[in-house]
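1. From the sequence below, what's the structure:
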Amino acid sequence: MMVGNQYKIVSELGSGGMGIVYQAVDIVLEREVAIKKLRSEFSRTPDVAKRFLREAKIQARLNHQNITHLFTCLQEGEVFYIVMEFVAGTPLNKLIPLPYQRLLPLAMQILDSLEYAHGMGVLHRDIKPDNVMVTPNGTVKIMDFGIAHVLGSTRHTREKVIMGTLEYISPERITGKDPERSSDIYSLGAVLFEALAGRLPFESQSEFELLRKHLEAPPPKLRSLVPDCPEALEAVIDKALAKNPADRFANCREMADALAGEVAKLPARRSGTGPHSINIGEELERCRSRISALVKSGDTELAERVLDSARIDYAGRPELTELQAFVAQKRRRAEPGSGDQRRRIAEILEQVASLHSKGHVKAAGELALRARGEFPNVRAFQIAAICCKAQSVN
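-> Numbers count the residues shown, from 1 in each chain. Below you'll find the predicted structure:
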């Protein structure tokens, strides 16, 4: 398939609310590009088409090494295309969780790009890990200005319509106020928290409850989740997540300055390329320690995510095989075994069920809770403890 007689579509990369993104080749300039196509069902909707073209105009204003470059915008009949720089890399959401030593250089690049965009009068409004691409040499590329807002322009969304990803949205935007630079800073604070902790600062299955937490609830203490996180870094993220915009950093440059002290402490890179990286052996040991703690606590899902991040970092290296073997060993040790151990688990479950059937709900819950401490990887004890607690309260 050809677009504009110049771009040959190679494959589909992904899709979003309004468009589909393809990898393509510019046959004239002989370079790879990414092409965003407005979905056909939206092409005949004037408001959506205007928003799509508005995205192109906004992104065309920006020329920064950490922002994806827009090359041109095309229209074929009723179909609209945006031709952009193709970024070969991994989205940040696929690398989470990260040690702070790796995250800090990425954070500084994000802040630099946002400071530039804000200086050009452009707010991103949808900063999230999916929109942060990391190349193999550690360069950040900010993507998707699909709902960007030009400061001082008329509003392009209806009053009280929330646009953006709810997990990262700032309190003032929830209440319908105009976005400001501090709104992007809040979203970045949520991204950095998640990148370190492997979980969001505010979580809920209910959208209403999630919005309430953004408005009222304090985030968990980051160092309680990531003990080796420097206090200064925790303080920066806490300030970025302040409910009141006036309590956050005045701009991204101020936030970057607050992180500069921790960045200066990072060791010089001793393997590979790029600034502020760390020794592979030291990084491998940190991965081992983190995975060991996660598997021991029963959080095998997060342990696997740490390993997935390592697979990307160490692809083709012998260290990866060593780390994979370490994870497999830890997982085997944490999983319920055979013989006596399995019989012990079965006996406890039977005792919990017996106590519960006789109406001794509190005792059943306490037994399940003790068993959960002994066998953290057996989810049945966790579920039983939670259910018994809920019933005893009611």
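
2. got the buried residues for the helix or strand hosting Gln75?
-> The secondary structure element spanning Gln75 is strand 70-76 (assigned by DSSP states H and E). Neighbour-count burial for strand 70-76 flags 70-71, 73-74 (criterion: 16 or more other Cβ atoms under 10 Å). For the C-beta atoms, the positions are set from N, CA and C on the backbone; glycine is no exception.

3. That strand pairs with which strands?
-> Sheet pairing for strand 70-76, assigned by DSSP bridges, gives strand 79-85 (antiparallel).

4. so after the strand it pairs with, what's the next helix or strand?
-> Tracing the chain C-terminally past strand 79-85 and defining elements by DSSP H and E, one meets strand 90-91 next.

5. Helix or strand next in line after that next one, which one?
-> helix 100-119.

6. still on that earlier bit, turn the buried residues of strand 70-76 into a markdown table, including pLDDT and distance to Pro171.
-> Formatted as a markdown table, the buried residues of strand 70-76 follow (pLDDT from 0 to 100; distance: Cβ to Cβ, whole Å):
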| residue | pLDDT | distance to Pro171 |
| --- | --- | --- |
| Leu70 | 88 | 31 |
| Phe71 | 90 | 37 |
| Cys73 | 86 | 34 |
| Leu74 | 88 | 39 |
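
7. between those residues, which is nearest Ile291?
-> Sorting these by how near they are to Ile291, with Cβ to Cβ, puts Leu70 at the top with 40.2 Å.

8. Contacts only, for the nearest residue to that closest one once chain neighbours are set aside.
-> Closest residue in space to Leu70, ignoring its immediate chain neighbours: Gln59 at 4.4 Å, by Cβ to Cβ, 6 or more residues apart in numbering. When contacts are counted by Cβ atoms under 8 Å, 6 or more residues apart in numbering, Gln59 is found next to 67-68, 70, 82, 84, 145, 148.

9. So for those, which is the shakiest by pLDDT?
-> Among the contacts of Gln59, Ala148 has the lowest pLDDT, at 52.

10. what's the average pLDDT for whichever helix or strand Lys362 is part of?
-> In this structure, Lys362 is located in helix 361-374 according to DSSP H and E. For helix 361-374, the mean per-residue pLDDT is 81.

11. Could you do stretch 11-19 as well?
-> Along stretch 11-19, the predicted local confidence has a mean pLDDT of 79.

12. Same check on stretch 118-125?
-> This predicted structure assigns stretch 118-125 an average pLDDT of 89.

13. export that stretch as CSV, just CAs?
-> Presented in CSV, the C-alpha positions along stretch 118-125 are these (Å, rounded to 0.1, in the frame of the first residue of the first chain):
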residue,chain,number,x,y,z
HIS,A,118,5.9,24.7,27.3
GLY,A,119,8.2,27.5,26.1
MET,A,120,6.6,27.1,22.7
GLY,A,121,3.2,27.5,24.3
VAL,A,122,2.2,23.8,23.9
LEU,A,123,1.0,21.5,26.7
HIS,A,124,1.0,17.7,26.1
ARG,A,125,-2.0,16.8,28.3
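
14. circling back to that earlier point, among the contacts of Gln59, name the buried ones.
-> Under a neighbour-count criterion of 16+ other Cβ under 10 Å, the subset of the contacts of Gln59 counted as buried comprises 67-68, 70, 82, 84, 145, 148.
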